[in-house]
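Student: just coords:
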């Protein structure tokens, strides 16, 4: 049995593990890497100089990130710039820890984020994971390749990082966790939880340095706005004209913002439930060689809508956020038509006929999509004020009929709204 396991391990090493650079890492075990400032008794940012001196202060940053090419450190009123070559490492007041380290295959130093430390160490740099077992420092890899199977090209997943983890774990705890290791995906949280459970089983000391950094943050939002509607993309005959007398409406919403993702802090999502009111009068006319038709009708529309948006922060810091986004969602409306009047004038005789008739048809469009730009800033530590400009279009939304002459329009929507994020 032992011989089979050894052969399988050797096979995995040769055929599934791409060449890796090895280097003995420096754990800096002689340094206290906790973020507790003894003078204030509070968590604080800090740097550790190459001399081993530890300085507490403030690392100036727009938001908590997982990658830093350099840092600006403020202490005792002075601001200094540090590159990886200038420091042994630094830490943030949220528990994040970064070492200055030479990555496999590189010559210079980089600020590498330490995820889990102990006898086995997991670190991360720009989306790639690295593993230190005390003997070597290696990159954890997973990739896909096209292979031929039964005359067809299929995509196969390779996970050489599993072999690295299996060879690093030992004892009864390793045997218990092997089936779980085999099912691992190349995902930071899954590997962190695996190492954490291994340490607990072993009864060994360890630290998860991202435990106080949430995967994401949830913030309730609410706001009101004023949409402006117009007719777009006309499909009509020459001599036909249609317009909306009133173009403005009212809308309100409540929702949830998902933001500050640990891995991609510039991304955010908005999930909202909105209510819209729009009252207008449609005026239509069509001039033919012998006739002139004019008509008007009152249109009242109320709607519930559920948009989901994905946003990207162009400029983001701890006080303000400038973002752009795309959104799409459901639009459930109720339309009431009233006071439809048609006027027919005959040019030759001068005769005029007037009668009541509905001229408006609103299509069953239950979908809305568009783009937006927004800006938010902090009012207090817990409340932010934001404003957004949205642009959307609902295709083939209106149809207006005058006798046998029909016209069709999309409805364009420009909306400005303000809200609060808690």
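Tutor: Arrived safely. Remember, it's a predicted structure, so these values are computed and weren't measured experimentally.

Student: Give me the distance from stretch 180-199 to the chain's centre.
Tutor: 24 Å (CA atoms, centre = their mean, to the nearest Å).

Student: what's that stretch in contact with?
Tutor: Residues from elsewhere that reach stretch 180-199, judged by CB atoms under 8 Å, 6 or more residues apart in numbering: 115-116, 118, 120, 122, 124, 129, 140, 142, 159, 161-162, 165-166, 169, 173-174, 177, 205-206, 208, 210, 215, 263. From N, CA and C alone the C-beta is placed, and that goes for glycine too.

Student: For ChimeraX, what selects the buried ones among those residues?
Tutor: Buried members of the contacts of stretch 180-199, defined by 16 or more other CB atoms under 10 Å, are picked up in ChimeraX with:
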select :115,116,118,120,122,124,129,140,159,161,162,165,166,169,173,174,177,206,208,210
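
Student: Output the contacting helices and strands for the helix or strand harbouring residue 281.
Tutor: Secondary structure assignment for residue 281, by DSSP states H and E: strand 267-287. Here strand 267-287 touches strand 217-235, strand 240-244, strand 250-259, strand 291-316, strand 320-346, strand 384-402, going by 3 or more CB pairs under 8 Å, 6 or more residues apart in numbering; DSSP states H and E.

Student: And the ones you listed: which comes nearest residue 414?
Tutor: Minimum separation from residue 414 across these (CB to CB) falls at strand 217-235, 4.6 Å.

Student: ok, residue 84 to residue 272 distance?
Tutor: 42 Å (CB to CB, to the nearest Å).

Student: cool, and residue 390?
Tutor: Going from residue 390 to residue 272 by CB to CB gives 11 Å.

Student: where are the low-confidence patches of the protein?
Tutor: 1-30, 212-213 (pLDDT under 70).

Student: Got the domain ranges for it?
Tutor: In the domain annotation for the chain, the residue ranges read 2-208, 217-421 (automatic domain parsing).

Student: how would you label the most far-flung residue of the chain relative to its centre: helix, strand or coil?
Tutor: No residue in the chain has its C-alpha farther from the mean C-alpha position than residue 349, which lies at 66.6 Å (CA atoms, centre = their mean). For residue 349, the secondary structure call by DSSP: H, G, I helix; E, B strand; the rest coil comes out as coil.

Student: Starting from the strand holding residue 281, tell me which strands it pairs with and how they run.
Tutor: Sheet pairing of strand 267-287 (DSSP bridges) gives strand 240-244 (antiparallel), strand 250-259 (antiparallel), strand 291-316 (antiparallel).

Student: wouldn't residue 63 be in contact with residue 320 here?
Tutor: No: counting by CB atoms under 8 Å, residue 63 stays clear of residue 320, with 10.9 Å between them.

Student: Dump the helices and strands packed on strand 267-287 into JSON lines; add distance to residue 420 and mean neighbour count as well.
Tutor: Compiled in JSON lines, those are given as follows (distance: least, CB to CB, whole Å; neighbours: other CB atoms under 10 Å):
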{"stretch": "strand 217-235", "distance to residue 420": "6", "mean neighbour count": "15"}
{"stretch": "strand 240-244", "distance to residue 420": "31", "mean neighbour count": "17"}
{"stretch": "strand 250-259", "distance to residue 420": "10", "mean neighbour count": "18"}
{"stretch": "strand 291-316", "distance to residue 420": "17", "mean neighbour count": "17"}
{"stretch": "strand 320-346", "distance to residue 420": "14", "mean neighbour count": "15"}
{"stretch": "strand 384-402", "distance to residue 420": "6", "mean neighbour count": "18"}
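
Student: out of those strands, which comes closest to residue 72?
Tutor: strand 291-316 (16.5 Å).

Student: now the angle from the closest one to strand 384-402?
Tutor: Here strand 291-316 runs at 160 degrees with respect to strand 384-402, directions being taken by axes from the mean of the first three to the mean of the last three CA atoms, to 10 degrees.

Student: how far does strand 291-316 sit from the chain's center?
Tutor: With CA atoms, centre = their mean as the basis, strand 291-316 stands 25 Å off its chain's centre.

Student: same check, this time on stretch 73-83
Tutor: A distance of 32 Å separates the C-alpha centroid of stretch 73-83 from that of its chain, computed with CA atoms, centre = their mean.

Student: tell me how far the ends of that stretch are from each other?
Tutor: 11 Å (CA to CA, to the nearest Å).

Student: change the start of the numbering to 22 and stick with it
Tutor: In the new count, where the first residue is 22, that last one comes out as stretch 94-104.

Student: ok, residue 76 - contacts?
Tutor: Counting by CB under 8 Å, 6+ apart, residue 76 touches 67, 68, 69, 70, 94, 96.

Student: Show me what it is bridged to.
Tutor: Listed beta-bridge partners, residue 76: residue 68 (assigned using DSSP bridges).

Student: Please tell me how far the residue farthest from the centre of the chain sits from residue 311.
Tutor: 10 Å.

Student: Next: residue 238.
Tutor: Separation of residue 238 from residue 311 (CB to CB) stands at 68 Å.

Student: all helices for the stretch 22-171 of the chain, in order.
Tutor: Residue ranges of the helices in the stretch 22-171 of the chain, as given by DSSP state H, counting those that start in this stretch, are 23-37.

Student: Return the backbone torsion pair for residue 188.
Tutor: Listed backbone geometry of residue 188 is phi -70, psi -20, with angles given as degrees, to the nearest 10.

Student: so how far is residue 155 from it?
Tutor: Here the criterion is CB to CB. By it, residue 188 lies 12 Å from residue 155.

Student: Check residue 194 too.
Tutor: 17 Å.

Student: sorry, back to before: buried residues, the strand holding residue 302. List them.
Tutor: For strand 288-308, the buried set under the neighbour-count rule, 16+ other CB under 10 Å, comprises 288-291, 293, 295, 297, 299, 301, 303-307.
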